[in-house]
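Asks: Take a look and give me a structure for this.
(chains A and B)
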Amino acid sequence: GENVEQHPSTLSVQEGDSAVIKCTYSDSASNYFPWYKQELGKGPQLIIDIRSNVGEKKDQRIAVTLNKTAKHFSLHITETQPEDSAVYFCAAAGSARQLTFGSGTQLTVLP
Amino acid sequence: NAGVTQTPKFQVLKTGQSMTLQCAQDMNHNSMYWYRQDPGMGLRLIYYSASEGTTDKGEVPNGYNVSRLNKREFSLRLESAAPSQTSVYFCASHQQNGGNTGELFFGEGSRLTVL
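Replies: Model prediction:
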């Protein structure tokens, strides 16, 4: 089955700096790669996703890049703000058509 | 519009006790899911229901049973709780029949402790 690895597990950045979270996946048939944000005490919420026919997607301060050859994808957050502090999960939909999640990254934006 | 509602939010059980986690969605979604979240392990799929009347095992189904009561409701049952089932459980729903290329909508979670 699909295996998704996510790094780093924790990340601290100064407010205004950029944050990058990286994920790798194992199933070459995977074709859908969402990112979820989980605030304390809440369920995860989709923030951006990318499909395998696209190399990059951007939504305001958030961007995702996908390298299918290397089987990795990354989340980029620019001009970080305190409200960006949360746990972020990457995921991949493989040949089984179910999402496999990474282990999560705790992002802390320091004022 | 409540989205996905889970009950209870918190529960403490003793080893061997049984309980059912309830989940309901009001978005007319076809697929529903149960995940567990443990520190350092992300979200792992327990069971899912691609459509009303069907259920399938996910990655970690042992010790659990599910019922898709109707299109709105999907319950998770622990018949004989074990300490290893201490976790935060999330229910989610999805518009499509099976498959998962689209947004999952999550409830706020049910924190279960088994002593």
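Asks: and the nearest residue to residue B:112 once chain neighbours are set aside, how many neighbours?
Replies: Residue nearest to residue B:112 in three dimensions, not counting chain neighbours: residue B:11, with 5.1 Å by CB to CB, 6 or more residues apart in numbering or on different chains. Quick note: C-beta positions are derived from backbone N, CA and C, even for glycine. By the criterion of other CB atoms under 10 Å in any protein chain shown, residue B:11 has 17 neighbours.
Asks: any idea of the pLDDT on residue B:11?
Replies: Reading off the confidence values, residue B:11 has pLDDT 96.
Asks: so what's it up against?
Replies: B:19, B:110-113 (CB atoms under 8 Å, 6 or more residues apart in numbering or on different chains).
Asks: Around chain B, which positions in chain A sit nearby?
Replies: For chain A, the residues in contact with chain B (CB under 8 Å from any CB of the partner chain) are A:1, A:4, A:6, A:9, A:31-32, A:34, A:36, A:41-46, A:49, A:51, A:89, A:93, A:97-104.
Asks: Narrow those residues to those that are buried.
Replies: A:4, A:6, A:31-32, A:34, A:36, A:43-44, A:49, A:89, A:93, A:97-104 (16 or more other CB atoms under 10 Å in any protein chain shown).
Asks: The closest residue to residue A:79 other than its chain neighbours: neighbour count?
Replies: Once flanking residues are discounted, residue A:79 sits nearest to residue A:61: 5.5 Å by CB to CB, 6+ apart. Applying the criterion other CB under 10 Å, we find 13 residues in the vicinity of residue A:61.
Asks: Then residue A:40?
Replies: For residue A:40, the tally of surrounding residues (other CB under 10 Å) stands at 7.
Asks: where's it relative to chain B, distance?
Replies: 11 Å (CB to the nearest CB, to the nearest Å).
Asks: what bridges to the residue in chain B that chain A sits nearest to?
Replies: Here the residue of chain B nearest chain A is residue B:106; by CB to the nearest CB that distance is 3.1 Å. As for beta bridges, residue B:106 partners with residue B:92 under DSSP bridges.
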